[in-house]
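Student: structural data only, the sequence is not supplied:
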Ligand code: EPS
């Protein structure tokens, strides 16, 4: 089964990701992975750290001449700001971060020993993994597209359809907020500037759409095989994500059954092959998943991010040593990391879909996966 683990501290030597269960025979273009690394570093609202770092991936193991061998793949991103041993102790826990719960759980007196690993710096490794997953998915015509739908309560009402994807990508990649709605982008930028001035931070909403994938990924047969549940897990694991919904999402609870379900139609596939076996929908309220199984419509998932807990104008806290009231620690931070998180969420969705894809079509070699995939499309 496809899996990955990360290692590394925010100011340690490097970040590492080890991917297991990735098929042999896939060319991993480092420059493609590095484009994603660069995107994660961008977006208005980022703090001083991003001016120091220049995240690039080195593939240490698992390839020969750039092509995967079927064994574990090790990816490394070096930290430029790697002075972990010289950094001062943190005894003023930040409300909302892992600082306080972490020191109590791990019997620490210095929250630095917690925050170094809890930091969202770890997401650099996840984006590298997601880029590898996307290389695999792209070779099967599957795309994964993440963008910022809202920041600080300013929310885009633009709905995105499969046919607009190329246009949307061009707009997003030109946008300083990775947003596709130029009408509200200015207001979002203003809101971030205001928040920076107030020493505060902002959260937002991220939407990720996966398209071009076949019916049949995930399974209804067991709780931990359901694709919607797996996507929710993957996204909830991203630092500061507090909620996840698919398709119509939470709003489905306020509607009737006939308003919510996507009716089924049939059209004979033109070349005898189709991602859905010829069945189609006119609506996609389900967000591309029914009963934990992809139904061949685009998967639409939204992640809700809270504002980052490190605040220039700190909140009230308590000193871990003296137990006296004190302002929470502040060194530097992002005011808004929603654009960066959209790249991370895209990576996590890509990984989870690649995992479900390989669960179904095999993991040994890319030729085998292709053969199984073609055979499956033919059979449905
Ligand atoms: C981050 C690096 C960090 C923060 C941010 C994300 O750098 P530093 O802690 O050195 O300023 O900018 O971390 C957090 C949001 C967090 O909660 O720790 C990065 O590379 O994305």
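Tutor: Ah, there it is. Computed from a predicted model, the values in this text were never measured in an experiment.
Student: poorly predicted segments of the protein, please.
Tutor: 162-163, 272 (pLDDT under 70).
Student: next to the ligand, which bits of it? Give me the list.
Tutor: 10, 47, 49, 81, 119-121, 123-124, 239, 308, 310, 332-334, 337, 340 (CB under 6 Å from any ligand atom). No exception for glycine: its C-beta is placed from N, CA and C like everyone else's.
Student: which ones among these map onto helices?
Tutor: 49, 123, 124, 340 (DSSP state H).
Student: my read is that the last one contacts residue 44, right?
Tutor: The reference is to residue 340. No: in this structure, residue 340 is not within contact of residue 44 by CB atoms under 8 Å, at 10.6 Å.
Student: tell me which of those two has more neighbours.
Tutor: Applying other CB atoms under 10 Å to residue 340 and residue 44 shows that residue 340 carries more neighbours, namely 24 against 19.
Student: name the residues of the helix or strand where residue 127 lies that are buried.
Tutor: Per DSSP states H and E, residue 127 falls inside helix 123-138. Neighbour counts over helix 123-138 (16 or more other CB atoms under 10 Å) mark 123-137 as buried.
Student: show me what that helix is packed up against.
Tutor: Where contact means 3 or more CB pairs under 8 Å, 6 or more residues apart in numbering; DSSP states H and E, helix 123-138 is packed against strand 3-7, strand 14-20, helix 30-41, strand 73-78, strand 143-151, helix 338-361.
Student: which residue is the nearest non-sequential neighbour of residue 312?
Tutor: The spatially closest residue to residue 312, leaving aside those adjacent along the chain, is residue 199, at 3.5 Å (CB to CB, 6 or more residues apart in numbering).
Student: which residues are in contact with the one you found?
Tutor: Contact analysis of residue 199 by CB atoms under 8 Å, 6 or more residues apart in numbering lists 311, 312, 313.
Student: mind listing the helices for the stretch 51-200 of the chain?
Tutor: Ranges of helices within the stretch 51-200 of the chain are 99-105, 112-118, 123-138, 165-174, 182-197, based on DSSP state H, counting those that start in this stretch.
Student: so of the ones you listed, which one's packed in deepest?
Tutor: Per residue and on average, the most neighbours among those fall to helix 123-138, with a mean of 25 (mean count of other CB atoms under 10 Å).
Student: against the ligand, how distant is residue 136?
Tutor: 25 Å (CB to the nearest ligand atom, to the nearest Å).
Student: ok, the closest residue to that residue other than its chain neighbours - contacts?
Tutor: Closest residue to residue 136 apart from its sequence neighbours, by CB to CB, 6+ apart: residue 354 at 5.3 Å. Contacts here follow CB under 8 Å, 6+ apart; on that basis residue 354 touches 2, 133, 134, 136, 137.
Student: return the residue of this structure that is most distant from the centre.
Tutor: residue 322 (39.1 Å; CA atoms, centre = their mean).
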